[in-house]
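Need coordinates for the below:
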Amino acid sequence: MYKYISILVLVFITFNSCSKQKEVKIEGELKKWHRVTLNFEGPETTEIDENNPFLNYRLDVTFKCGNKTYVIPGFYAADGNTAETSSNSGNVWQVRFTPGTIGEWTYSVSFKKGENIAVAEDITKSSSAGFMDGQTGRFNISKSDKTGNDNRAKGRLQYVGESYLKFAETQDYFIKLGVDAPENLLAYTDFDVSTNALGFQKTWEPHAKDFDETSKTYVWQENKGKNLLGAINYLASEELNVFSFLTFNVDGDDRNIFPHILKVPIQEYETYASVKKNKGAWETMFHKTRFDVSKLDQWERIFEYAETKGMFLHFKTHETETDHLMDKGVFGIEGKLYYRELIARFGHHLSMNWNLGEENNQPIEEVKKVADYVSKLDAYNSHLVIHTFPNKDDRYAELVGDQSPLTGASLQLRHPEFIDVHPRVLKWRDKSNATGKKWALAVDEPGKANIALLPDDEDPEHNQARGRAMWGVLMAGGFGVEWYFGYASPNSDLTCQDFRSRDLFWDQNRYALQFFNNHIPFWDMEPRDDLMSDDISYCLAKEGEVYVVYTESNADKIKINLQKPEGEYEIKWYDPRQGGNLQDGSVLSFNSTGVVKLGSPPSSPDKDWVILLSKKE
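Reported below is the predicted structural model:
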């Protein structure tokens, strides 16, 4: 859609300062863990009004139930239905909230005005903006009716000071396996002001056949969004549970994703940005403190659908080419407003993390400023991470523990055969644990940058990715892997439009998830490679109760040292290549009397196997 706005064509509106308040419109099912949207009638304005509605107004709503209190930022919503109308004007202001407690909730509204008030640290002396300022109300929340993988059945995924995130409703711990690519997932033709600066714009046409006709409520403008919704449905059908995406890549590798408003026509931007050496678009072609309300509303349709499919949303807020653009690299008004808009619009999602930068290379002090700001503004305390270059991971040493509010790291590695994955997770698990604040760690870019996870037709077995990367992370106590597709492969990190390009490998991810979720208390287990008598096996253990061994080969030669505590252990084998049931090998049980040979697997001792040792009652 050719929606661009020049600051030269301002629409001047005189705001009604009348203090008479109108009844709030509440949308959504009033159920636990469901999104509730409060719609207020505020000043009539536009995205580019001289009095910037994003920066010079501030809507906050305080929600209370019992001893629970949440202060949630709101946002300018134009006509309140912009995904459908693409409107850039109106008088609707919204707050999105996901209550986690059954019962009566009260709310009180703060609506202030003033220069740069949206990002002010102290608003105690600010002026009332009238309208809904001071308004109060209440509503009742009942039990959710959702089941299965729907995140609303599981509750909010929380960092609880452990190595794994935990769902508040079910109390289940979470392992994520899914896609880190394409990073430009949101460079989609169906979004308003979709651009094609470098030829990477997406239609997601290969996934048209995966659209679920029962999900029409998430489509906008009659039939838009279907293909990307189909892509997410495909991932969920493979039982993957995470995808990631950049929310800003101006002057980056793709240049087609931005929540802000263009000052210039799309064609002019595309012509400039299509030349890689041109890196001044942010300074010259964007309204840096104004947002495209309709595009963001359309993003929300995608994220809302993903919640119903049990997806973890990995928000990558910057990449290395963009983390210095806003405020010229010193965290200020532009950066603060950007994060406020993201948190206000999307922070209500139940299963997610904020990633402050992909391959981040900012000064650590700037990283800490951003982390502090986001952690204070995000009332839900979603998992907060940062990603950095594989050879610069020692930057984390200045962020672990009480040095920052970060709760984990998004690790990148670079060895083409994935041999660096397992030791790197162990390294930062040990270092963060030593501070007394355990980080939840994930590897979100394993492999060499140009190849990483190859398509099935180039690597149909994926032996090294499966063993050294996926099982390497999980056996080191990491909480998951997101797969990077490489920049030089077919369906690459930038060009991918077909997740079926790795279809065979997704089965192997599903088998790993089924083993961890169905057979072991992984959240109570620790890496114990020191128990193994070789250097090709990994061990994860709840000492004296259950041990898991993963071996890449020579499965009939594996030995483990289990001197203490004494007891009899049952041995079962699991095939990470084919999944299925636990199987018997040549030895069914043994007594823990020192170094023990575990026998032979049911078949193929030259292949990789998982061995489960469970103490008999």
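
how about the residue nearest to residue 204 when sequence neighbours are not counted, secondary structure?
Nearest in space to residue 204, with sequence neighbours left out and distances taken as Cβ to Cβ, 6 or more residues apart in numbering, is residue 227 at 3.6 Å. (Glycine included, C-beta is placed from N, CA and C.) Under DSSP: H, G, I helix; E, B strand; the rest coil, the three-state class of residue 227 is helix.

from what I can see residue 227 touches residue 209, true?
No. The criterion here is Cβ atoms under 8 Å, and residue 227 misses it with residue 209 at 9.4 Å.

Tell me how many other residues crowd residue 149.
For residue 149, the neighbour count with other Cβ atoms under 10 Å is 14.

Nearest residue to it in space, please, no chain neighbours.
Residue 149 sits nearest to residue 310 (Cβ to Cβ, 6+ apart), 3.2 Å away.

Please apply the same query to residue 98.
Nearest to residue 98 is residue 348, by Cβ to Cβ, 6+ apart, at 4.6 Å.

Let me know the pLDDT of the nearest residue to residue 320 once chain neighbours are set aside.
Excluding the flanking residues, the one nearest residue 320 by Cβ to Cβ, 6+ apart is residue 359, at 3.9 Å. Per-residue pLDDT puts residue 359 at 97.

repeat for residue 594
89.

I'd assumed residue 564 was in contact with it.
No. If you go by Cβ under 8 Å, residue 594 and residue 564 don't touch, sitting 9.8 Å apart.

State the distance from the closest residue in space to residue 606 that isn't next to it in sequence to residue 539.
Closest residue in space to residue 606, ignoring its immediate chain neighbours: residue 553 at 5.7 Å, by Cβ to Cβ, 6+ apart. The gap separating residue 553 from residue 539 is 16 Å, by Cβ to Cβ, to the nearest Å.

For those two, indicate the residue with more neighbours.
residue 539 (23 against 17).

Quick check: the more buried one is in a strand.
Yes. Judged by three-state DSSP, residue 539 forms part of a strand.

Contact partners for it?
The contact partners of residue 539, taken as Cβ atoms under 8 Å, 6 or more residues apart in numbering, are 475, 527-532, 547-550, 560.

Excluding covalently adjacent residues, which one is nearest to residue 99?
residue 141 (4.8 Å).

What's opposite that neighbour in the beta bridge?
residue 103 (DSSP bridges).

ok, now how distant is it from residue 245?
30 Å.

Let me see the domain layout of this structure.
Per automatic domain parsing, the structural domains of the chain span 7-141, 169-520, 525-615.

most tightly surrounded among these?
Sort the domains of the chain by mean neighbour count, taking mean count of other Cβ atoms under 10 Å, and domain 169-520 sits at the top with a mean of 20.

Please measure how far the first residue of it sits from its last one.
Taking Cα to Cα, to the nearest Å as the measure, domain 169-520 stretches 20 Å from start to finish.

what are the ranges of the helices in the stretch 101-250 of the chain?
Counting by DSSP state H, counting those that start in this stretch, the stretch 101-250 of the chain has these helices, from start to end: 151-154, 226-237.

can you tell me which of the ones you listed comes nearest to residue 296?
helix 226-237 (15.1 Å; Cβ to Cβ).

Give me the residues contacting the closest one.
By Cβ under 8 Å, 6+ apart, helix 226-237 touches 149, 178-179, 185, 188, 190, 202-205, 207-212, 215, 218-219, 243, 302, 305-306, 309-311, 499-500, 506.

Narrow those residues to those in strands?
Counting by DSSP state E, the part of the contacts of helix 226-237 found in strands is 178-179, 243.

related to what we said a few turns ago, give the contact list for the residue nearest to residue 98.
Residue 348 touches 35, 72, 96-98, 380, counting by Cβ under 8 Å, 6+ apart.

Mind checking which of these land in strands?
Using DSSP E, the contacts of residue 348 in strands are 72, 96-97.

Save those as JSON lines, and put in distance to residue 154 too.
Below are the ones in strands among the contacts of residue 348 laid out as JSON lines (distance: Cβ to Cβ, whole Å):
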{"residue": "72", "distance to residue 154": "21"}
{"residue": "96", "distance to residue 154": "19"}
{"residue": "97", "distance to residue 154": "18"}
